[in-house]
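Enquirer: Provided below are the primary sequence and the corresponding predicted coordinates.
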Amino acid sequence: MADEYRRRADAVSALPLPGHAVRPRESAGSFDHRYDAVARADIPSDGTWHTVTVTGIPVGLRTEYVCVPSVEQTVYATLVLSNATDQALLAGPVEVTSDDDFLTTAALPTLAPGGVRRMGLGPAEGIRVTRRTNLRESTSGLRNNTTVLAHQIHVELGNRLAHAVAVEVHEQVPVTTEPDVRIEERADWTAPEQDSGPDRHAPGTRVWRVDLPAGGSATLDGGYDIRVPAAKALVGGNRRS
């Protein structure tokens, strides 16, 4: 009889997980942590999943908007979560609401004590972004021995929402290991703080941070120059946006 009960208990691990649920071993690795339940709970042994409230953990929330217009001229809403408690918050489904209206069920990432993570909520239809570029090729130096590829970037943002928003605009600046190739930036963007986790930015990432009032707009202008010896050319050709 004991073997039969053990077989039934082990069979639970083979059940398909609920949507956005992730096993702790996969989402957080191995660690020791204890959650103290706020009350006793009866769980039916009917061979299916049940949701049980164990405890409540206060989490800091703020909405930010992110776009990478060089890849896609769409602005995405994100939710920045911060955990200032000494409790770990494991990955799993989270229901997102706004003014008591249900918006979506999304995947919550693992949030360690003191951790900060960003969670995507999908396109923000009320914010528009457009991007235009211009490339000008010239030469410089006493003998015109340097090719200068001047890249100009122009980005326009518009907020059609009824409230102010903060938008991050991500751009990509070339990186090189060639000693005779120089990259000179001409913009007021900044390099993001590097993260060793899944939110780690690619080398050369630059960020504009813009606060847009309700119904407001903004323009961003910047760029960079690539200086290469006249006898050389970029892999794939110089004429690229």
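Expert: The structure has been received and is ready for your questions. Numbering: from 1, shown residues only.

Enquirer: Please make it C-alpha for all contacts and neighbour counts, starting now.
Expert: Noted.

Enquirer: Give me the packing partners of the helix or strand harbouring residue 74, helices and strands only.
Expert: Here residue 74 sits within strand 72-82, counting by DSSP states H and E. Packing partners of strand 72-82 (3 or more Cα pairs under 8 Å, 6 or more residues apart in numbering; DSSP states H and E): strand 60-68, strand 116-123, strand 127-140.

Enquirer: Point out where this structure drops to low pLDDT.
Expert: Applying pLDDT under 70 to the chain picks out residues 98-99, 141-144, 194-199, 231-241.

Enquirer: Can I get the helices and strands packed on strand 72-82 in a markdown table including mean neighbour count?
Expert: Conversion of these to a markdown table gives the following (neighbours: other Cα atoms under 10 Å):
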| stretch | mean neighbour count |
| --- | --- |
| strand 60-68 | 17 |
| strand 116-123 | 16 |
| strand 127-140 | 15 |
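
Enquirer: quick one: the strand holding residue 74 to strand 116-123, angle?
Expert: 140 degrees (axes from the mean of the first three to the mean of the last three Cα atoms, to 10 degrees).

Enquirer: C-terminal to strand 72-82, what's the next element?
Expert: Downstream of strand 72-82, the first helix or strand assigned by DSSP H and E is strand 92-98.

Enquirer: So what are the sheet partners of the helix or strand following that next one and their directions?
Expert: Downstream of strand 92-98, the next assigned helix or strand under DSSP H and E is strand 101-108. Partners of strand 101-108 in the sheet, by DSSP bridges, are strand 92-98 (antiparallel).

Enquirer: gap between the partner strand and the chain center?
Expert: In terms of Cα atoms, centre = their mean, to the nearest Å, the centre of strand 92-98 is found 17 Å from the chain centre.

Enquirer: Not counting sequence-adjacent ones, nearest residue to residue 95?
Expert: Spatial nearest neighbour of residue 95, excluding adjacent residues (Cα to Cα, 6 or more residues apart in numbering): residue 105 at 4.4 Å.

Enquirer: Look up how far residue 211 lies from that neighbour.
Expert: Residue 105 sits at a distance of 27 Å from residue 211 (criterion: Cα to Cα, to the nearest Å).

Enquirer: CA atoms only for the longest helix anywhere in the chain - export them in CSV, please.
Expert: Using DSSP state H, we find that the single longest helix of the chain is helix 2-11. Provided in CSV are the C-alpha atoms of helix 2-11 (Å, rounded to 0.1, in the frame of the first residue of the first chain):
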residue,chain,number,x,y,z
ALA,A,2,2.9,2.4,0.8
ASP,A,3,4.3,1.8,-2.7
GLU,A,4,1.0,2.7,-4.2
TYR,A,5,0.7,6.0,-2.3
ARG,A,6,4.3,6.8,-3.3
ARG,A,7,3.5,6.1,-6.9
ARG,A,8,0.4,8.4,-6.8
ALA,A,9,2.5,11.2,-5.1
ASP,A,10,5.3,10.9,-7.7
ALA,A,11,2.7,11.0,-10.5
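
Enquirer: any idea which helix or strand comes after it?
Expert: Next along the chain after helix 2-11, taking DSSP H and E as the criterion, comes helix 24-27.
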